[in-house]
Each structure stands twice: as C-alpha cells, then as structure tokens.
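1. predicted structure and sequence below. I'll ask about it afterward.
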Amino acid sequence: MAAPFRFDRTWNFDLSPTDLWAVLTRTDDYATWWSWLREFEAAGLQTGTVARCTIQSPFPYSLRCLIRIDSIEAPRLIATTVSGDLRGPARLEIRPGPTGASARLVWSVTLGSPVLAQTARFARPAMAWAHDRIVAVGVDQFRRRALTELPPNAGRARI
C-alpha cells in the first residue's frame, strides 16, 4: 500500500467565523460554487450525514467519494471520514484569523481505487499537483461565488 497523501492548508477570509460557518452550511449550493464538483448530495451539515460526491480531476479521471460527518462543533470544527476512491480522515477547523476567519483543512488519504493506487507508484507528484490545483481553484471559486452571495446583514470583518 502506498503512503498516504497528507495535506494541511490554511486560508484567511474577511468575514467572521460565524458568518463563514453560515456559508458552509449551505450544502445545496456546493455544486454551483465549485466547477470540479460534478455531483454532490448531502442532507445538510450535521453529525451522521453522509455526502456523496464526484470530483473531476484535472486529469482524465473522476473520483467518487462518500464523506461521513463524524462530528461537528459549530462554528469551529467539522471532522469527517472519506471513503471510496479516496479514503481517510479529514477535518476543517475554523478560528478567528488576522482578517476575520481562518479555515484550516487537514487530511490524510489513501487511494481506494486499485488503478489509482497503481498509478500513484509513478505519478504521485502529478497527483499531489492535481489535488493542489483543485483546492486552489476551489478556494478561488468559493471566494468569488459563495462569499459574494452573503446576505446584507452578514458581518464582514474589518481589515
């Protein structure tokens, strides 16, 4: 079995942690925010929810995953277990940050697909690049699409 892929990234947003959390609870909007998310089905953001998703890689393959929410501590933590083509724990931590909210995504995943696991033996750097590309595009799309749709009473943090 190949070594897990480990990711630990932090982003800052210019709105309060509570307002960022409120945006993240809008799971019905996820597919409209992220172009690489081909399918997303979830019954809200609560402990026990299992989301079904299909992610389009920058390469000619899609990843199918189930994301089970193991625990939630609103408005600061979502802990999940991912299964399917990707497998492993993932968590999103939200804290006060320098300009409002800081969001840290930490996960460690292995490849559940035998074909992808074999491919990772020689293409691991390209696969890590693909992940980083999807995340970078995703954060940009989240800022442009989800955060521009905030209600007028949302308390944007002042810089």
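-> Right, received. Where do you want to start?

2. lowest average confidence, helix or strand, in the chain?
-> Least confident element among the helices and strands of the chain, by mean pLDDT, DSSP states H and E: helix 114-141 (a mean of 90).

3. what comes up buried for that helix?
-> Of all the residues in helix 114-141, those buried under the rule 16 or more other CB atoms under 10 Å are 116, 119-120, 127, 130-131, 134, 138-139, 141. From N, CA and C alone the C-beta is placed, and that goes for glycine too.

4. check stretch 4-13 too.
-> In stretch 4-13, the ones that count as buried by 16+ other CB under 10 Å are 5, 13.

5. identify all contacting residues around it.
-> 20, 88, 97-111, 124, 127-128, 131, 135, 139, 143, 147 (CB atoms under 8 Å, 6 or more residues apart in numbering).

6. same question for stretch 126-146.
-> 5, 7, 9, 11, 13, 23, 26, 29, 32-36, 55, 57-59, 105, 116, 119-120.

7. what mean pLDDT does the helix or strand hosting Arg38 have?
-> Using DSSP states H and E, Arg38 maps to strand 37-41. Strand 37-41 shows a mean pLDDT of 94.

8. what do you get for stretch 53-66?
-> 92.

9. for stretch 15-25, same thing?
-> 95.

10. so for that stretch, what gets flagged as buried?
-> Buried residues in stretch 15-25 (16+ other CB under 10 Å): 15-17, 19-24.

11. now swap in stretch 61-79 and tell me
-> Neighbour count says stretch 61-79 has 63-67, 69, 72, 75, 78-79 buried, by 16+ other CB under 10 Å.

12. secondary structure and distance to Glu93 added to those, as CSV?
-> Output for these, formatted as CSV (DSSP: H, G, I helix; E, B strand; the rest coil; distance: CB to CB, whole Å):
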residue, secondary structure, distance to Glu93
Leu63, strand, 23
Arg64, strand, 26
Cys65, strand, 20
Leu66, strand, 22
Ile67, strand, 16
Ile69, strand, 14
Ile72, strand, 12
Pro75, coil, 11
Ile78, strand, 8
Ala79, strand, 9
